[in-house]
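Enquirer: using only what follows, build the 3D model:
(2 chains)
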Amino acid sequence: MKDKRIWVILAVLIACVIYLVPTVTGLEETWWPAQKINLGLDLQGGMHVVLAVDVAKAVRDELAHDVEVIESVMKERKLAYESALYDAQKNAVVIEFADADARTQAGAYLEENWNDFDVNNTGELGLALTMKEDVYTYIRQNALKQATETIKNRVDEFNVREPEIYTQGSDQIVVRLPGVVDPTRAKELIGKTARLEFKLVTDKGSFAQTREQLLAAYNNEPPKGYQVYKQRGKTRDEIAGYWLLREVPEMTGGNLTDARVGVDDMQMPAINFSFNPEGAKRFAEITGANINNSLAIVLDDIVYSAPRINSRIFGHGQITGNFTREEALDLALVLRAGALAVPVRIDEERTVGATLGEDSIAKGRFSFIVGTLAVLIFMVIYYRKTGIAAITALVLNVMMIMAGLALFGATLTLPGIAGIVLTIGMAVDANVIINERIREELRNGKTPISAVATGYERATWTILDANITTLVAAIVLYNFGTGPIKGFAVTLTIGLISSVFTAIYVTRVIVEVLAKRGGSRLSI
Amino acid sequence: MSFFEIVPNNVNINFVGARKVAIGISLLAVLASLAVIFFYGFNWGIDFAGGLEMRIDLKNAAQNATIGDVRAAMAEKELPPTLPLTGVQVNSFIIPGKNSYTIKAKGEENVEKSGGESKLTDMSAELLTHLNKKFGEGNVEIVSTDMVGPRVGATLRKKGVLAIVYALIGILIYVGFRFNFRYSPGGVIALAHDVIITAGVFALLQREINLVIIASLLTIAGYSINDTIVVFDRIREGREKKYRNKPLAEAVNRSINETLSRTLLTSATTLFVVVALLFLGGEILRDFALALLIGISIGTYSSIFIASPIYLMLEDWLASRRKAKGAAR
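Expert: Sure thing, here's the model as predicted:
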């Protein structure tokens, strides 16, 4: 074998085989240099969810908190302010003062100590504190980061093989869970806010069967600082009554260290939780000071239970509430993994069951085989022995595409399979261009050997130009496509590159041999 | 030496001579397509229109349920208040040996509920609960679910349009650099011609436009330009060598004829696989293959009758303008 091109082709062939072994044989060894081809969610089943994080709420929460702090500062410094309110639209806190003097003093103080805000006079006696752009951006980014972390923690406990969780844009989180069988439960786990709050039932705190009864004394509007909460019934959809409770909780679940499923006095599933030292101290203080009062345990704005405090409680607590075992398990999981600071909602959901995936693979494979056979038969009939060169190229081409997918860790999707099938049809194009050129040269009276040489030379740039322009479309598709479409763009791109290589390089070796052996004739 | 040929090697059909007729027909077809798109509008799939699409498999006790049963279960007055779907369509979905259906509620109004509330209200879970009530718990299996919210729909629409525009610009630039910017208009017009007519046929048939169809339109764009480039390459070579002293019209026409067998052969092999996909690839790929079938057929025509003749006309026009300028001096 004097021709060094044969060595190159052999090397490519061996590399292809190495990369294809895991996919073909199902080998899953770490010592083997290659992995199986990744199947897209549309082929192996699974779910893809895009969550929108309510980052605006993070800003609102921060402003509301600032109002509280400002009020206490004003009181502390005995500055005569009338009101302090936040304006979510303008990302500002507006304080109204009784006199100009107080405003000047407060303005000077805030200017000095509140670096997160621009302080400006507004109206006659008002002061506007506008959140600085970088602070605003930071809060939003941070909310997204925290939500992503929390969801990662939850998914880690959910026991999914190779989950993918990443942020997208300024407020979205993409969660991809391959092979998930119960999408409803998965969404519940991912999206649950899991905000645990403890609220004392004191002052105006009360319970009633209906909302109307509850609010009868207050003109049907909850009094300032209070809110109506539902009491959970025997199942998650049942409402057993309504509570009037303070909006600001005595404590939140932020200090939880653990949450596990246990049983309550009635042997029903319940959730036992424990606090970190700081939380335990605070919980002991609250319960100690409120013996004989009730403490409502509120999860995501639903009251689960409101037990009477019999004694000071240290470190531990229990949530009861007619749970099923599975529900208790999931709740314990989300409490353990941490609450979402701001709510999320589903912007996009794509779920594919395993059955559909298998059916898609079977149909994709079948149409691939039929299409390929049709092309092969046609090439042999049309170009005879030279057609065999095209066939060799085609087979190597398919191997290179599959190996390429394994090599780059790209994902094979259903449109990706269509891309491979399409590449088969288009890949022979290069061979057609070359063969037609060679025929022309033969008609002009050239010998087979020189016809082959000229044919390949002349056809090379044509083939490159034609394929590079298609490549432009494929690259655009890759950049703008999502999920399955990206998979299509990837197979198309690999296919274009490999078909140029096989057509220009590989077939030439074979056709040259045919030309040499044939003497004055070339079977083309 | 003799070869097996579908196109004789000495063929010389006067394609260029038919350019006025061909361009006239194509112009009509493009205008008609645009009119259809404008007046009928596209049947946007949920990727772009937003909405909910669920494929279900009815099994066990519900195995013999018919499409009528599913339609009845999804009738508007049967739906609970937690599931305010409108314009629900039910179709059968073919998976061998299964009793499967596609339930589709297109339009952003169908998912706005899940978008508007701060809590994670889950339309697909609500739909499953409803179906379980109708067909019995455990008798309904979800084959697939697609839910696209208003924001995502808008983003995807924008991305889809941008993708096609950027692909066109990219191709225009590459052709301009590799050849000459005088070739670009012919290539891009032929390409736009193929894409617009394919889209027009889809609008006329009211086939759904989804992400996969956008991908197929871009593939058509790629295929069309590929086809055209091969002819342009021939024209350029011919002008430099063989037909240097011949009129441009003849050089162009000869080049089209010389590449004719390649143009037809490649279309044939590509159509083989497209037809295989169309009939054997399953329902999800059917419209994808249909778009390619239309686009590649038209693309073959346009690379013969449209792209090169437009290049010729542009050169003629430039020449006449030069002449007019020269005369004016």
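
Enquirer: pull the helix or strand with minimum mean pLDDT from chain B.
Expert: helix B:112-116 (a mean of 48; mean pLDDT, DSSP states H and E).

Enquirer: any idea which helix or strand comes after that helix?
Expert: Going down the chain from helix B:112-116, the next helix or strand is helix B:123-135, by DSSP states H and E.

Enquirer: packing partners of that next one?
Expert: helix A:183-191, strand B:51-58, helix B:67-73, strand B:140-148 (3 or more CB pairs under 8 Å, 6 or more residues apart in numbering or on different chains; DSSP states H and E). Heads up, the C-betas are built off the backbone N, CA and C, glycines and all.

Enquirer: what about the first one, distance to the chain center?
Expert: So the one you mean is helix A:183-191. 13 Å (CA atoms, centre = their mean, to the nearest Å).

Enquirer: can you pull the buried residues of that helix?
Expert: For helix A:183-191, the neighbour count (16 or more other CB atoms under 10 Å in any protein chain shown) marks A:183, A:184, A:186, A:187, A:188, A:189, A:190, A:191 as buried.

Enquirer: quick check: the closest residue to the fourth one other than its chain neighbours vs residue B:54, distance?
Expert: Right, the one you point to is residue A:187. Leaving aside its chain neighbours, residue A:187 sits nearest to residue B:122 (5.7 Å; criterion: CB to CB, 6 or more residues apart in numbering or on different chains). As judged by CB to CB, to the nearest Å, residue B:122 and residue B:54 stand 12 Å apart.

Enquirer: list the contacts of residue A:322.
Expert: By CB atoms under 8 Å, 6 or more residues apart in numbering or on different chains, the residues touching residue A:322 are A:232, A:233, A:234, A:235, A:268.

Enquirer: got a markdown table for the buried residues of helix A:183-191, with pLDDT and distance to residue A:112 too?
Expert: A markdown table is the format used below for these (pLDDT from 0 to 100; distance: CB to CB, whole Å):
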| residue | pLDDT | distance to residue A:112 |
| --- | --- | --- |
| A:183 | 82 | 54 |
| A:184 | 82 | 54 |
| A:186 | 86 | 50 |
| A:187 | 85 | 48 |
| A:188 | 82 | 48 |
| A:189 | 84 | 47 |
| A:190 | 86 | 44 |
| A:191 | 82 | 43 |
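
Enquirer: tell me the one of these nearest chain B?
Expert: Nearest to chain B out of the buried residues of helix A:183-191 is residue A:191 (CB to the nearest CB; 3.6 Å).

Enquirer: wait, what's in contact with the nearest residue to residue A:178 once chain neighbours are set aside?
Expert: Nearest non-adjacent residue to residue A:178, counting by CB to CB, 6+ apart: residue A:46, 4.0 Å away. Contact analysis of residue A:46 by CB under 8 Å, 6+ apart lists A:176, A:177, A:178, A:179, A:180, A:351, A:352.

Enquirer: repeat that for residue B:60.
Expert: B:136, B:138, B:139.

Enquirer: so how far is residue A:401 from the last one?
Expert: The span separating residue B:139 from residue A:401 equals 41 Å under the rule CB to CB.

Enquirer: neighbour count: those two, which is higher?
Expert: Applying other CB atoms under 10 Å in any protein chain shown to residue B:139 and residue A:401 shows that residue A:401 carries more neighbours, namely 28 against 18.

Enquirer: hmm, the more buried one is touching residue A:423, no?
Expert: Yes - Residue A:401 lies in contact with residue A:423 (CB atoms under 8 Å); the separation is 6.6 Å.

Enquirer: who touches both of those two?
Expert: Joint contacts of residue A:401 and residue A:423 (CB under 8 Å, 6+ apart) are A:491, A:495.

Enquirer: low-confidence stretches in the stretch 51-200 of chain B?
Expert: B:111-121 (pLDDT under 70).

Enquirer: again with the stretch 201-329 of chain B
Expert: Residues of the stretch 201-329 of chain B that meet the cut-off, pLDDT under 70, sit at B:328-329.

Enquirer: can you show me the helices along it?
Expert: B:211-240, B:248-258, B:260-280, B:283-305, B:307-328 (DSSP state H, counting those that start in this stretch).

Enquirer: dump those to JSON lines, plus mean neighbour count and distance to chain A.
Expert: Compiled in JSON lines, these are given as follows (neighbours: other CB atoms under 10 Å in any protein chain shown; distance: least, CB to the nearest CB, whole Å):
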{"stretch": "helix B:211-240", "mean neighbour count": "25", "distance to chain A": "4"}
{"stretch": "helix B:248-258", "mean neighbour count": "21", "distance to chain A": "7"}
{"stretch": "helix B:260-280", "mean neighbour count": "22", "distance to chain A": "3"}
{"stretch": "helix B:283-305", "mean neighbour count": "23", "distance to chain A": "5"}
{"stretch": "helix B:307-328", "mean neighbour count": "15", "distance to chain A": "12"}
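
Enquirer: out of these, nearest to residue A:113?
Expert: The closest of the helices of the stretch 201-329 of chain B to residue A:113 is helix B:211-240. By CB to CB, the value is 52.6 Å.

Enquirer: next, the angle from the closest one to helix B:307-328.
Expert: Calculated by axes from the mean of the first three to the mean of the last three CA atoms, to 10 degrees, helix B:211-240 forms an angle of 50 degrees with helix B:307-328.

Enquirer: give me the helices and strands touching the helix or strand harbouring residue B:186, please.
Expert: Element membership of residue B:186, judged by DSSP H and E, is helix B:184-205. Judged by 3+ CB pairs under 8 Å, 6+ apart, helix B:184-205 is in contact with helix B:19-40, helix B:150-178, helix B:211-240, helix B:283-305, helix B:307-328.

Enquirer: mean confidence score for the lengthiest helix in chain A?
Expert: Criterion DSSP state H: the longest helix present in chain A is helix A:354-407. Averaging pLDDT along helix A:354-407 gives 89.

Enquirer: do it and chain B meet?
Expert: Yes - under the criterion of CB under 8 Å from any CB of the partner chain, helix A:354-407 makes contact with chain B via A:355-356, A:359-360, A:363-364, A:366-368, A:370-372, A:374-375, A:378-379, A:381-384.

Enquirer: any of those buried? List them.
Expert: A:355-356, A:359-360, A:363-364, A:367-368, A:370-372, A:374-375, A:378-379, A:382-383.

Enquirer: sorry, back to before: just give the number of residues close to the residue nearest to residue A:187.
Expert: 20.

Enquirer: wouldn't it be in contact with residue A:185 here?
Expert: No - between residue B:122 and residue A:185 there is no contact under CB under 8 Å: 10.8 Å.

Enquirer: distance from the chain centre to stretch B:87-107, please.
Expert: Distance, centroid of stretch B:87-107 to centroid of chain: 23 Å (CA atoms, centre = their mean).

Enquirer: what's the distance between residue A:229 and chain B?
Expert: 14 Å (CB to the nearest CB, to the nearest Å).
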